[in-house]
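Asker: give me coordinates for this.
(one chain, ligands or ions: 1)
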Amino acid sequence: MYKFKSKPVLPSDITSESVWLARRRYVQQAVALGLISMAAPYQAWGQERSWSVEENTRWPIDEPPTAEKHIVNYNNFYEFGLGKEDPALYAGSMRTDPWVVRIDGEVERPLELDIEQIRKLAPLEERIYRLRCVEAWSMVVPWVGFSLSVLLRQVQPTSKAKYVRFETVADHASMRGLQSRVLQWPYAEGLRIDEAMHPLTMLVLGLYGKELPNQNGAPLRLMVPWKYGFKSAKSLVRISFVEEQPVSSWMAVAPQEYGFFANVNPDVAHPRWSQASERKIGSGIFAARQATLPFNGYAEDVAHMYSSMDLRRYY
Ligand code: MTE
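Answerer: The predicted structure follows:
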């Protein structure tokens with residue numbers, strides 16, 4: 001069984017001091033330039049409520065965030081259609097309040113929590129993480145939320161729990177894409193328990209200091225920055241501890257293209273796209289591509305979890 005650490009993870013536990021200091025310098029400069037508004041009041045979209053976002057300097061990144069307009073208008077959310085513009089066009093019809101998330105499976109204490117209860121589990125943090133899609137586009141986003149481990153600890157997994165399965169909403173009334181058989185619905189993803197408990201794995205409630213827009217996975221999504229974007233399931237309704245490795249929606253339709261692990265790996269090409277380089281969204285089709293980094297730049301924090309695995313086999 002995975003051993004839960006109760007001690008908070010310090011930056012020095014995760015990243016070497018020099019890298020951490022360099023990243024921290026970048027964030028301080030970016031804050032000074034007004035690129036990022038850390039610890040700014042968090043204004044919910046269309047609501048009176050506001051709350052504060054804790055400054056997070058644990059995983060700063062040496063790239064400026066992508067312009068917000070690209071992040072909310074160029075999306076993959078197949079429940080609303082296959083086009084990149086479809087989610088922004090059609091996801092507005094999804095009702096996100098009330099919203100309940102079930103946390104169950106191999107646990108001592110299954111729970112059903114609404115978004116308010118989840119939000120109160122920990123102070124919200126703004127973390128700038130990269131996301132890279134297997135289709136070779138990438139982005140840098142100030143996500144708002146906290147480590148998924150905070151939520152997972154609430155339910156006390158049993159000794160049988162080895163993986164975590166994520167299920168997202170499938171609402172036929174508002175999701176036109178569910179008519180298509182391109183994926184298995186409801187959309188499902190999975191992580192090994194150590195990956196799910198890793199402090200970088202984030203439960204996201206907002207971006208750019210605001211509540212998540214529907215097209216980005218309101219009211220609650222996953223963000224696993226060292227894995228391809230498809231691991232970051234949107235609009236979560238159920239999180240289950242399980243004994244067997246879950247079959248994700250992508251594995252079910254194309255196992256030869258989408259493996260369970262999906263770690264960003266420039267050395268292992270996808271059958272249809274090279275994974276050696278990427279294009280930052282919003283940079284224009286003629287912009288120079290940049291080299292993709294192993295584990296999307298988070299190798300120092302996460303590579304140890306795969307040290308005994310052949311990553312060509314476990315892609
Ligand atoms: N979650 C659901 N429920 N449905 C989806 O189609 N697409 C995935 C992931 N999460 C998807 C999903 C894929 S392929 C990517 S690349 C990311 O969401 C995209 O996240 P973004 O639109 O916020 O950039």
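Asker: now do the contacts for the closest residue to the ligand within the stretch 1-150 of the chain.
Answerer: Shortest the stretch 1-150 of the chain-to-the ligand distance, computed as CB to the nearest ligand atom: residue-wise this is Asn75, at 3.2 Å. No exception for glycine: its C-beta is placed from N, CA and C like everyone else's. Listed by CB atoms under 8 Å, 6 or more residues apart in numbering, the contact set of Asn75 reads Lys84, Asp86, Pro87, Ala88, Gln215, Asn216.
Asker: which one among those residues gets closest to Ala287?
Answerer: Distance from Ala287 was checked for each of the contacts of Asn75 by CB to CB. The minimum falls on Lys84, at 17.1 Å.
Asker: can you tell me the element that closest one falls in?
Answerer: If you go by DSSP states H and E, Lys84 is not part of any helix or strand.
Asker: so what's the backbone phi/psi at the nearest residue to it once chain neighbours are set aside?
Answerer: Take Lys84 and drop its neighbours on the chain: the residue closest to it by CB to CB, 6 or more residues apart in numbering is Tyr74, 4.8 Å away. Tyr74 adopts backbone torsions of phi -130, psi 90, taken as degrees, to the nearest 10.
Asker: re earlier: drop anything exposed from the contacts of Asn75.
Answerer: Buried by 16 or more other CB atoms under 10 Å: Asp86, Pro87, Ala88, Gln215, Asn216, out of the contacts of Asn75.
Asker: which among these are in contact with the ligand?
Answerer: Restricting the buried ones among the contacts of Asn75 to those adjacent to the ligand (criterion: CB under 6 Å from any ligand atom) gives Asn216.
Asker: list just the nearest of the buried ones among the contacts of Asn75 to Met202.
Answerer: Checking those against Met202 by CB to CB gives Asn216 as the nearest, at 13.1 Å.
Asker: got the residues of the chain near the ligand?
Answerer: Counting by CB under 6 Å from any ligand atom, the positions of the chain adjacent to the ligand are 75-79, 133, 168, 187, 216, 229-230, 232-235.
Asker: run the last query once more with 8 Å
Answerer: The chain has residues 71, 74-79, 87, 131, 133-135, 139, 141, 168-169, 177, 183, 186-187, 189, 215-217, 221-222, 228-235, 249-250 near the ligand, with proximity defined as CB under 8 Å from any ligand atom.
Asker: quick one: which of those sit in strands?
Answerer: Members of these lying in strands (criterion: DSSP state E): Leu131, Met139, Val141, Thr168, Glu189, Arg221, Leu222.
Asker: sweet, I'm off.
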